[in-house]
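Colleague: Based on what follows, work out the 3D shape:
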Amino acid sequence: MRRASAEIHHDPAPASPIASDRPQPPAPMLRRLRPLLLLAGAALLAALAVVALHRLTTEIRFADLADAVRSTPAAAIAWSVLATAASYAALIGYDVSGLRYVGARPPRGTTALAAFAGYALGNAVGLGSLTGGAVRYRIYAAAGVPPARIAGVVLFIAAAFGIGVTTVGAAGLALQAEIVGPLFGLPSRCSGAAPA
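Modeller: Numbers count the residues shown, from 1 in each chain. Predicted structure coming up:
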């Protein structure tokens, strides 16, 4: 008795999607122009910053500024420098807390540098989470902190800042409702009792 052999048909394997999903290298001309385009973009941003700074300072005269600084008591300047230093020390605490939260332990000097530089640039340029996060990434990555943990630190700092601002803002609104209410067209006294 002969056994019938069944033919097995295999469908050809589909083309690998990985090969088609790979980014293609930029065209040779674009590759050559890329540094020039980046330089032009940076020059444009710098020019816009200079124009904005010029417009913001048109009403300020250097002589008036110098007189104001000279008339400020030395004790007031010293206190303001100390308050600024204390503020940056407190800001470093955000990074320390964030690093503890994600379980990373870079050297203390690295933490202080990342926090100081991140906040200084973030406060000066704006978009603190983005600009300060980029600075923190460069510094913490050089210290061996994995990118996922750096992202956790940046997220922790942003969340802590948001919670703090919300809490202080809510407390200010609650404690000074008589002053803030009229600014928004609300009665100065908001209470459940009817006026007598």
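Colleague: show me what contacts the spatially most central residue of the chain?
Modeller: Using Cα atoms, centre = their mean, the residue of the chain that lies closest to the mean C-alpha position is S129, 1.6 Å off. Contacts for S129 (Cβ atoms under 8 Å, 6 or more residues apart in numbering) come out as G122, V154, I157, A158. For every residue, glycine as well, the C-beta is placed using N, CA and C.
Colleague: Closest one of these to P187?
Modeller: A158 (35.9 Å; Cβ to Cβ).
Colleague: And the helix or strand where A49 lies, what does it pack against?
Modeller: Per DSSP states H and E: A49 is located in helix 28-56. If you count contacts as 3 or more Cβ pairs under 8 Å, 6 or more residues apart in numbering; DSSP states H and E, helix 28-56 packs onto no helix or strand.
Colleague: avg pLDDT for that helix?
Modeller: Mean pLDDT, computed over helix 28-56, is 84.
Colleague: what sits up against the following helix or strand past that helix?
Modeller: Next helix or strand after helix 28-56 toward the C-terminus (DSSP H and E): helix 62-71. Under the contact criterion Cβ under 8 Å, 6+ apart, helix 62-71 has no outside partners.
Colleague: List the buried residues in helix 62-71.
Modeller: Within helix 62-71, no residue counts as buried by 16 or more other Cβ atoms under 10 Å.
Colleague: again with stretch 158-174
Modeller: Under 16+ other Cβ under 10 Å, the buried positions of stretch 158-174 are A158.
Colleague: Ok, stretch 126-138 next?
Modeller: Quick answer for stretch 126-138 (16+ other Cβ under 10 Å): G128, S129, T131, G132, G133, V135, R136, Y137.
Colleague: do stretch 173-189 as well
Modeller: Neighbour-count burial for stretch 173-189 [16+ other Cβ under 10 Å]: A177.
Colleague: Can you give the distance of it from its chain's centre?
Modeller: Put simply, stretch 173-189 sits 32 Å off its chain's centre (Cα atoms, centre = their mean, to the nearest Å).
Colleague: sorry, back to before: any chance of CSV for the buried residues of stretch 126-138, columns secondary structure, distance to G103 and pLDDT?
Modeller: Formatted as CSV, those follow (DSSP: H, G, I helix; E, B strand; the rest coil; distance: Cβ to Cβ, whole Å; pLDDT from 0 to 100):
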residue, secondary structure, distance to G103, pLDDT
G128, helix, 24, 76
S129, helix, 21, 79
T131, helix, 25, 85
G132, helix, 21, 88
G133, helix, 19, 89
V135, helix, 21, 91
R136, helix, 16, 93
Y137, helix, 17, 92
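Colleague: low pLDDT regions in the chain?
Modeller: 1-27, 188-196 (pLDDT under 70).
Colleague: Where do the helices of it begin and end?
Modeller: Listed in chain order, the helices of the chain (DSSP state H) span residues 17-21, 28-56, 62-71, 74-102, 108-125, 128-142, 147-175, 177-183.
Colleague: Contact partners for A124?
Modeller: Contact analysis of A124 by Cβ under 8 Å, 6+ apart lists nothing.
Colleague: Distance-wise, check it relative to A49.
Modeller: 11 Å (Cβ to Cβ, to the nearest Å).
Colleague: Sounds good, over and out.
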